[in-house]
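>>> Okay, sequence plus prediction incoming.
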Amino acid sequence: MASWEELPQEILELIARRLDIEEFLAFGGVCTSWRSAATNDKYNAKSKAPWIMTYVCRQIAEFSRPSTGRIYPMRVPGSDAQTLSVPGWILALRGDSDYRIFNPLSRVSIELPALEKLHHESRVSEELDRLKRPRHGPPMISMMALSSSPSLSRSYTVMISCITSPGLAFHRSGEDAWTVVSLATDLRRFTVLGLIYYDGLFVAVDAHGQILTLNERKHRMELRLVLGLSYVDGDPYLVECLGSLLVAWMIWGEGDEPVKKIRVFEVDLEKGTEEEVKSLGNASLFLNNYSWFSVEFKPKSCLPGIKPNHIYFTDYTDRKKKSYSMNDGKVETYFESCLPGIKPNRICISKYEDEKMKSYYMEDEKLKTYFDATSSHFNEAEWFQPDF
């Protein structure tokens, strides 16, 4: 009888493609032949179930799988971290402006050029930037898009939106500097609210509802269309879903009321048109503050706790993770806490003398340390799609 390690390579690869991410990683650790069938480029699960990432403290992030409750703590190369729209990647910040992109599964870590190296196309822009920096502080990245996964391709482009000057910039792999992106002369100055790579183009949406794309050769953003909604109507999110480019508008309630509705529009960049979408079919959207993605429910796939034709998001008025049903427009709480591990019947307190967060157990009156908060802080929990 032949051993398991002698199974034909094509059979092993077929098995590997049917596994979820946890099983795929375990599969590759069995033996040499199984490892060769479970390389990063061969991972193509039928349904890539989303996880939740929370940056905890001291360069530790927790990745939790909602369907099983398992939590995987992992060291990240920075004192802060946020998810990216490209599956599997996070942006890590060390110090004030030392950024890296990092993949927790492949452990690939790529240092980005210093923001001080932003390439300016004229001495005038250099002088303006020099004058602005003392007033606004060093440039900080608010959101980022990648043309492809650096784990799978050596040729990729990174585009960023900065909170302060210069606004937009891009960086090609193999180069050691950023290139500043300008606006076409007939465009209004804008604040980027969404950034994504779609169908070979970097696409942005701004506060005025303008959809713009990057002309990489000319180093400038060009207008494609102006949407019917703007920032006063709600917050826009750019998402690729089932091959289409969508804009999901999160409509807030009056004053400080929670989200009451989410409207979705399909955008045609070539025609310069938008059309409202009433159903996502077998897909769902996941919206973070600075990243967003979709998950397709393929035949016979199962994502426990996640439903198709829903939008999962964080309602920042009450800090709850919620779901919006495209079927009936209902908004429901997905889970209450943004701090994984906190359980009911506990009182959570901060002890300032030792800078530790602790929980008081009502049933046995015991006080236990939940985490050591020295020189650290919690971030909001974010949806994360594990991939290579």
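Looks like it arrived, so ask away.
>>> Give me the pLDDT value at Glu296.
Note on Glu296: pLDDT of 88.
>>> got the contact list for it?
Counting by Cβ atoms under 8 Å, 6 or more residues apart in numbering, Glu296 makes contact with 47, 241-242, 282-283. Where C-beta positions appear, they are placed from N, C-alpha and C, glycine not excepted.
>>> Residues contacting stretch 141-157, please?
40-41, 84-89, 91, 93, 99, 101, 103, 106, 108, 110, 115, 158-163, 170-174, 192, 194-197, 202, 216, 290-291, 387-388.
>>> Which of the residues you listed are buried, as a ChimeraX select command?
In ChimeraX, this line selects whichever of the contacts of stretch 141-157 come out buried by 16 or more other Cβ atoms under 10 Å:
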select :40,84,85,86,87,88,89,91,93,99,101,103,106,108,110,115,158,159,160,161,162,170,171,192,194,195,196,197,202,216,290,291,387,388
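>>> wait, Arg94 sits on Ser79?
Yes - with contacts counted by Cβ atoms under 8 Å, Arg94 reaches Ser79, the gap being 5.9 Å.
>>> Now do the shared contacts for these two.
With Cβ under 8 Å, 6+ apart, Arg94 and Ser79 have no common neighbours.
>>> What residues are bridge-paired with Tyr72?
Beta-bridge pairing of Tyr72 under DSSP bridges involves Phe63.
>>> The nearest residue to Ser284 once chain neighbours are set aside - how many residues pack around it?
For Ser284, ignoring the flanking residues on the chain, the nearest one in space by Cβ to Cβ, 6 or more residues apart in numbering is His310 at 4.7 Å. Using other Cβ atoms under 10 Å, His310 has 22 neighbouring residues.
>>> so who does His310 touch?
His310 makes contact with 280, 284-285, 323-326, according to Cβ under 8 Å, 6+ apart.
>>> Just the ones of these in strands?
Residues of the contacts of His310 located in strands (DSSP state E): 284-285, 323-325.
>>> out of those, which one sits closest to Thr317?
Tyr324 (14.3 Å; Cβ to Cβ).
>>> can I get the contacts of His310 in TSV with neighbour count and pLDDT?
Formatted as TSV, these follow (neighbours: other Cβ atoms under 10 Å; pLDDT from 0 to 100):
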residue	neighbour count	pLDDT
Leu280	23	97
Ser284	24	95
Leu285	24	96
Ser323	17	94
Tyr324	26	96
Ser325	14	97
Met326	20	97
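>>> picking up where we left off before, roughly how far apart are the residue nearest to Ser284 and Ser153?
32 Å (Cβ to Cβ, to the nearest Å).
>>> And for Phe202?
16 Å.
>>> what do you get for Asn309?
For Asn309 relative to Ser153 (Cβ to Cβ), the value is 32 Å.
>>> for Leu245, same thing?
For Leu245, the distance to Ser153 - Cβ to Cβ - is 22 Å.
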